[in-house]
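J.: show me the folded form of this:
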Amino acid sequence: MDLGISGKVAVVTGGARGIGRAVVEEFVREGAKVGILDIWQENLDAAGWVEKHSGEVYAVHTDVSDPDAVNAAFAEIADALGAPAILVSSTAGLTDIARISQMDQERWQRDLSVNLTGVFNCVRAALPYMRERTWGRIVAVSSVAGVQGGFGQAGYSAAKGGVISLMKTVALEAGRDSITANAVYVGIVSTEAFRSMRADIQERIRHRVIWRTEAEPEDIAKPIVFLCSEPARYITGAAWDLTGGIDLFTF
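T.: Numbers count the residues shown, from 1 in each chain. The predicted model follows:
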């Protein structure tokens, strides 16, 4: 299927590793140019990958919770690659795991700043470029914790739930400029974050999934890139479940 995105410029936040990196690689395979925003400086050009794809991929060290830094990063990407037409927000961070009564106020705020305000900052930076061309695609990566809640993860789950509502609002506000906005929410994925958990906790979570295994990043990346395509023009305001059936009654 021709996705109709060859030559278009996509911005991927959190694109240095995990799901974001898989999204970047999928865009490159489809012929898109990609600007990466990520706070992990040491991962931005792992194994010379960005340098190898010079002219197609451009990376900017950015904290998405800082609106001025985000605006500057978008301008830098526009100068390097062209005006962004696609935004995939896959930045995620879990600062604190604690019950609400014991959660540190600053860590609660940091979870909101990265996981929700960071998405808002990027959307606001991207929209003018998209509106000028009357075409755009926005996809934000949420989490099953944003739908079901997460014990000890009040900040993270509240922010990820907010991401879904934010995408619905963006879909309403930007739709008449031929801009779509959607969310995907994921369960367990084979990323650094999942692999850092204790082995017994990993196994407990796997047993909630029908196939008893976690997704690979590319399993998430391919549906995301499809939502950014021309054939997906009539999908907006949606929240796609990419959890492997984790909310089904599995036994």
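
J.: tell me where the stretch 51-200 of the chain has strands.
T.: 57-61, 84-89, 136-143, 179-186 (DSSP state E, counting those that start in this stretch).

J.: R99: which of the ones you listed is closest?
T.: strand 136-143 (18.8 Å; CB to CB). Bear in mind the C-beta positions are built from the backbone N, C-alpha and C, glycine included.

J.: just checking, what packs against that closest one?
T.: Counting contacts by 3 or more CB pairs under 8 Å, 6 or more residues apart in numbering; DSSP states H and E, strand 136-143 is packed against strand 84-89, helix 118-133, helix 154-174, strand 179-186, helix 217-227.

J.: the inter-axis angle of the first one versus strand 136-143?
T.: It stands for strand 84-89. If you take axes from the mean of the first three to the mean of the last three CA atoms, to 10 degrees, strand 84-89 sits at 10 degrees to strand 136-143.

J.: avg pLDDT for strand 84-89?
T.: When pLDDT is averaged over strand 84-89, the result is 98.

J.: now do it against strand 179-186, angle only.
T.: Using the same axes, to 10 degrees: strand 84-89 against strand 179-186 is 20 degrees.

J.: how distant is strand 84-89 from the center of its chain?
T.: From the chain centre to the centre of strand 84-89 is a distance of 10 Å (CA atoms, centre = their mean, to the nearest Å).

J.: then the fourth one?
T.: Centroid separation for strand 179-186 versus its chain: 9 Å, with CA atoms, centre = their mean.

J.: what pairs with it, parallel or antiparallel?
T.: The strands that strand 179-186 pairs with in its sheet are strand 136-143 (parallel), strand 239-242 (parallel) (by DSSP bridges).

J.: can you redo the helices and strands packed on strand 136-143 as TSV with distance to Y234 and mean neighbour count?
T.: Shown next, in TSV, are the helices and strands packed on strand 136-143 (distance: least, CB to CB, whole Å; neighbours: other CB atoms under 10 Å):
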stretch	distance to Y234	mean neighbour count
strand 84-89	17	27
helix 118-133	17	21
helix 154-174	12	21
strand 179-186	8	26
helix 217-227	11	20
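
J.: the bottom helix or strand of the protein by mean pLDDT?
T.: helix 192-195 (a mean of 64; mean pLDDT, DSSP states H and E).

J.: give me the low-pLDDT residue ranges for the stretch 151-251 of the chain?
T.: 190-197, 250-251 (pLDDT under 70).

J.: what number of residues lie near L37?
T.: By the criterion of other CB atoms under 10 Å, L37 has 31 neighbours.

J.: where's it relative to A73, distance?
T.: According to CB to CB, to the nearest Å, L37 stands 5 Å off from A73.

J.: spit out the residues that contact the two alike.
T.: Common contact partners of L37 and A73 (CB atoms under 8 Å, 6 or more residues apart in numbering): V60, T62.
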